[in-house]
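Chemist: need a 3D model of the sequence below.
(chains A and B)
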Amino acid sequence: MAKITLDNLAHSYYPNATKEDDFALKELNHVWADGEAYALLGSSGCGKSTLLNIISGLLNPSQGRILFDDVDVTQASTADRNIAQVFQFPVVYDTMTVRDNLAFPLKNRGASAQYIADRVQQIGAMIGMEAELDKRARGLTADAKQKISLGRGMVREDVNALLFDEPLTVIDPHMKWELRTQLKSLHHEFGHTMIYVTHDQTEALTFADKVVVMYDGRVVQIGTPEQLFDKPEHTFVGYFIGSPGMNVIPAQVSGNAAIVQGMTVELGQSFGALDGKVEIGIRPEFVTLTEGKGLPVKVRRVEDVGRHKIIRAELFGEEINIVAGEDQTIGADMNCVTFDPDRVNVYVNDWLKEGEVAG
Amino acid sequence: MNKTVNQKAWFLVLPVLVLVAFSAVIPIMTVVNYSVQDTFGNNQFFWAGLEWFETMLHSERMWDALGRQLMFSAIILAIQIPLGVFVALNMPKSGFWSSFCLVMMSLPLLIPWNVVGTIWQIFGRVDIGLLGYTLDAIGIEYNYTQNVLAAWVTIIVMDVWHWTSLVALLAFAGLKSIPDAYYQAAKIDQASRWAVFRYIELPKMMGVLMIAILLRFMDSFMIYTEPFVVTGGGPGNSTTLLSIDLVKMALGQFDLGPAAAFSLMYYLVILMISWVFYTVMVNMDKKEEGK
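Modeler: Sure, this is the predicted structure:
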């Protein structure tokens, strides 16, 4: 178990990268606290797996350092870093039995036979495969194979960190839930530093203490699920987290009011003069459909998802989403929206701008 | 649903039947015909029953040729399979040099058999051949026309040169199909180089390797042209492999009956060994899946 520090880290797949666009992973400084569970969230191709492979030593970064508990391991091999990693697609050693598969990392490190036998039995129980321990790995289903991969990742107790690269992609939904719960309880029990890469926000939010959101090779926000919901620091976070995501509307902001297409929207904070592309962001949960009060919208359709209703509407030609209570009736004359002033965030060039709390 | 019965559909099979008849059945039946008859010339044939088969089964000459043939195939497989795998493991995995290696290795495969034979026949000659002359000059006694060992080494090295690339290419294809994640996982698990080969690469290559073994076995078991061009079966009968012996018997001595019986048995041996191979391969897959 270790604290992992990323110091000035960046990576490009080109040998001589100069432009910022060449970097798959842009300059990054971050400390992964010892024993915390992190989720690394972002859309495909945003650099999540690159970052993970750099931490585990499968990839050498173009610049910067990685420290485990203040020891520089940038040049150290994967073996020396003592890290466990589970990949997106199941990797099992076909010709071995399930038992030998689980024992493999321990054998390679020269653990005692008695310890290996006990530990494998324990892990077998944890992944629910005690009955299949003596079967060959080859004939098993993808589910079972991935469980073996997970088991092999967890079998060593002394690892510095456990890394998961979208490990539950191939697993059935109900099994996903169970395995995720297992991982969480494992985390509580042993307190490993865990980093869990995913593009599924539910997975990220339920698994992790802290969620790291990446966008275009950059870490845009690190925070608790609550922080990500309330104060997305980047419009991408607002859009990516939440279902549906945050509404982002171009506006001019002066003082404690935003002007959208000539109409005033009240804000909870007040701002000085802002340069650049100014937008306001409001979560659909804090938009209210009204009769004649606020900004004019045209309701396109209403989706009833059971717990609440999602209203897809049009505001000055742009799409806007509204979440309404399940028992709220949507009348034909409801053609305006109001925003909760305290929940409106202001973005300049896609980044969150904090203002003064209005007196 | 009612199936319509229309026996005319059999006519659709006819073209294939005709084709197979002319390409395989009729030629083989001619051989069968020869094998049960005797002739003293003038195109007059007499029924001989299974006499030729009995003769051939007791013929020392055939058993000797079969022994040499089995030894040749065994040596060929024992060298080419491990060597091919070794070459494939050490080839660049991608980029310009990978393509370069592939092309270079394919070259021997494209050379016709008798040309390969001629190349090595000249290459190994003590008077004008680069290899023979050099060996002779540094004092190694090498003469494939007189020395049995030299003759065997020459035809084996020649076959290795000609066909190892095939095994290497097949093994390389098998290796290329292994996803990167396997190697990464092995690194994470701290597997040694040997363990990576034993538990990842070899199992993933097993399918293509079985095909390589089968192909190389069948080809080497039927080999004729190359050793015939180089040694002509000599010195003595020391490199007279089955097919060389067969041709000597059929065309050299014009013993049609025994040669026909011989070739049928030859054919059955190849068929049998290939069938055993195939069954083992299929069962291996089934066993792995069923377990």
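
Chemist: helices or strands up against whichever strand or helix holds B:Met284?
Modeler: With the criterion set as DSSP states H and E, the secondary-structure element containing B:Met284 is helix B:256-290. Of the remaining helices and strands, those touching helix B:256-290 by 3 or more C-beta pairs under 8 Å, 6 or more residues apart in numbering or on different chains; DSSP states H and E are helix B:26-35, strand B:37-39, helix B:51-57, helix B:202-221, helix B:242-247. The C-beta positions use only the backbone N, C-alpha and C, and glycine is treated the same way.

Chemist: go through it and flag the buried ones.
Modeler: When neighbours are counted by 16 or more other C-beta atoms under 10 Å in any protein chain shown, the buried residues of helix B:256-290 are found to be B:256-266, B:273, B:277, B:281, B:288.

Chemist: now do that helix: distance to the chain's middle.
Modeler: Helix B:256-290 sits 13 Å away from the centroid of its parent chain (C-alpha atoms, centre = their mean, to the nearest Å).

Chemist: tell me how many other residues surround the spatially closest residue to A:Thr235 that is not a sequence neighbour.
Modeler: The shortest distance from A:Thr235 to any residue other than its chain neighbours is 4.7 Å, reached at A:Asp350 (C-beta to C-beta, 6 or more residues apart in numbering or on different chains). A:Asp350: 18 surrounding residues under other C-beta atoms under 10 Å in any protein chain shown.

Chemist: also B:Gln37?
Modeler: Burial of B:Gln37 is recorded as 18 neighbouring residues (other C-beta under 10 Å).

Chemist: hang on, the earlier thing: JSON lines for the helices and strands packed on helix B:256-290, including distance to A:Met194 and mean pLDDT?
Modeler: As requested, the helices and strands packed on helix B:256-290 are exported to JSON lines (distance: least, C-beta to C-beta, whole Å; pLDDT from 0 to 100):
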{"stretch": "helix B:26-35", "distance to A:Met194": "68", "mean pLDDT": "87"}
{"stretch": "strand B:37-39", "distance to A:Met194": "82", "mean pLDDT": "80"}
{"stretch": "helix B:51-57", "distance to A:Met194": "72", "mean pLDDT": "82"}
{"stretch": "helix B:202-221", "distance to A:Met194": "30", "mean pLDDT": "88"}
{"stretch": "helix B:242-247", "distance to A:Met194": "65", "mean pLDDT": "86"}
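
Chemist: so which of the ones you listed gets nearest chain A?
Modeler: Ranking the helices and strands packed on helix B:256-290 by proximity to chain A (C-beta to the nearest C-beta) places helix B:202-221 first, at 4.7 Å.

Chemist: quick check: next helix or strand after that closest one?
Modeler: Reading on from helix B:202-221 to the C-terminus, the next helix or strand found by DSSP H and E is helix B:225-230.

Chemist: dump that next one to CSV, restricted to CA.
Modeler: Included here for helix B:225-230 are C-alpha records, laid out as CSV according to Å, rounded to 0.1, in the frame of the first residue of the first chain:
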residue,chain,number,x,y,z
THR,B,225,12.2,-34.2,-56.2
GLU,B,226,14.8,-32.6,-54.0
PRO,B,227,16.7,-35.6,-52.7
PHE,B,228,16.4,-37.2,-56.1
VAL,B,229,18.0,-34.3,-57.8
VAL,B,230,20.8,-34.0,-55.2
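
Chemist: wait, which of the helices and strands packed on helix B:256-290 is closest to B:Ile138?
Modeler: Minimum separation from B:Ile138 across the helices and strands packed on helix B:256-290 (C-beta to C-beta) falls at helix B:202-221, 30.5 Å.

Chemist: run through the neighbouring helices and strands of the closest one.
Modeler: Other elements packing on helix B:202-221 under the criterion 3+ C-beta pairs under 8 Å, 6+ apart are helix B:60-90, helix B:148-176, helix B:256-290.

Chemist: distance from the chain centre to the first one, please.
Modeler: When you say that, I think you mean helix B:60-90. So, by C-alpha atoms, centre = their mean, the centroid of helix B:60-90 is 9 Å from its chain's centroid.

Chemist: next, the buried residues of that helix.
Modeler: Within helix B:60-90, the residues that count as buried by 16+ other C-beta under 10 Å are B:62, B:65-66, B:68-69, B:72-73, B:75-77, B:79-81, B:84-85, B:87-88.

Chemist: could you pull up the mean pLDDT of it?
Modeler: Regarding helix B:60-90, the rounded mean pLDDT is 92.

Chemist: which outside residues touch the helix or strand following it?
Modeler: Scanning forward in sequence from helix B:60-90 by DSSP H and E, the next helix or strand is helix B:96-110. Helix B:96-110 has contacts (C-beta atoms under 8 Å, 6 or more residues apart in numbering or on different chains) with B:Val87, B:Met91, B:Pro92, B:Val116, B:Trp161, B:His162, B:Trp163, B:Ser165, B:Leu166, B:Ala168, B:Leu169, B:Phe172.

Chemist: swap the cut-off to 6 Å and go again
Modeler: Contact partners of helix B:96-110, identified using C-beta atoms under 6 Å, 6 or more residues apart in numbering or on different chains, comprise B:Met91, B:Pro92, B:His162, B:Ser165, B:Leu166, B:Ala168.

Chemist: again, but for stretch B:157-173
Modeler: Outside of stretch B:157-173, the residues that reach it under the criterion C-beta under 6 Å, 6+ apart are B:76, B:79-81, B:83-85, B:87-88, B:91, B:105, B:108-109, B:116, B:120, B:205, B:208, B:212, B:226.

Chemist: how distant is it from the center of its chain?
Modeler: The chain centroid and the centroid of stretch B:157-173 are separated by 12 Å under C-alpha atoms, centre = their mean.

Chemist: show me what counts as buried in it.
Modeler: Residues of stretch B:157-173 classed as buried by neighbour count (16+ other C-beta under 10 Å): B:158-160, B:162-172.

Chemist: so what's the residue nearest in space to the middle of chain B closest to, chain neighbours aside?
Modeler: Geometric centre of chain B, nearest residue: B:Asp219, 1.7 Å, by C-alpha atoms, centre = their mean. Spatial nearest neighbour of B:Asp219, excluding adjacent residues (C-beta to C-beta, 6+ apart): B:Trp163 at 7.1 Å.

Chemist: and that neighbour, how far from B:Gln80?
Modeler: From B:Trp163 over to B:Gln80 the distance is 6 Å, taken as C-beta to C-beta, to the nearest Å.

Chemist: give me the pLDDT for the one residue in the stretch 251-359 of chain A that gets nearest to chain B.
Modeler: With C-beta to the nearest C-beta, the shortest gap between the stretch 251-359 of chain A and chain B falls at A:Asp350, namely 34.1 Å. Each residue has a pLDDT score; the one for A:Asp350 is 85.

Chemist: thought it was touching A:Val237?
Modeler: No - using C-beta atoms under 6 Å as the test, A:Asp350 is too far from A:Val237 to be in contact (9.9 Å).

Chemist: ends of stretch B:177-193, how far apart?
Modeler: Distance between the two ends of stretch B:177-193: 18 Å, counting by C-alpha to C-alpha, to the nearest Å.

Chemist: any part of that stretch near chain A?
Modeler: Yes - remark: stretch B:177-193 sits within contact range of chain A at B:Ala181, B:Tyr182, B:Gln184, B:Ala185, B:Lys187, B:Ile188, B:Asp189, B:Gln190, B:Ala191, by C-beta under 6 Å from any C-beta of the partner chain.

Chemist: any chance of those in TSV, plus pLDDT, secondary structure and neighbour count?
Modeler: As requested, the residues of stretch B:177-193 next to chain A are arranged in TSV below (pLDDT from 0 to 100; DSSP: H, G, I helix; E, B strand; the rest coil; neighbours: other C-beta atoms under 10 Å in any protein chain shown):
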residue	pLDDT	secondary structure	neighbour count
B:Ala181	85	helix	17
B:Tyr182	89	helix	21
B:Gln184	86	helix	19
B:Ala185	88	helix	25
B:Lys187	86	helix	18
B:Ile188	85	helix	27
B:Asp189	85	coil	27
B:Gln190	83	coil	20
B:Ala191	84	coil	23
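
Chemist: and which of the residues you listed is nearest to A:Ser77?
Modeler: The shortest separation between A:Ser77 and any of those is 7.8 Å, and it belongs to B:Lys187 (by C-beta to C-beta).
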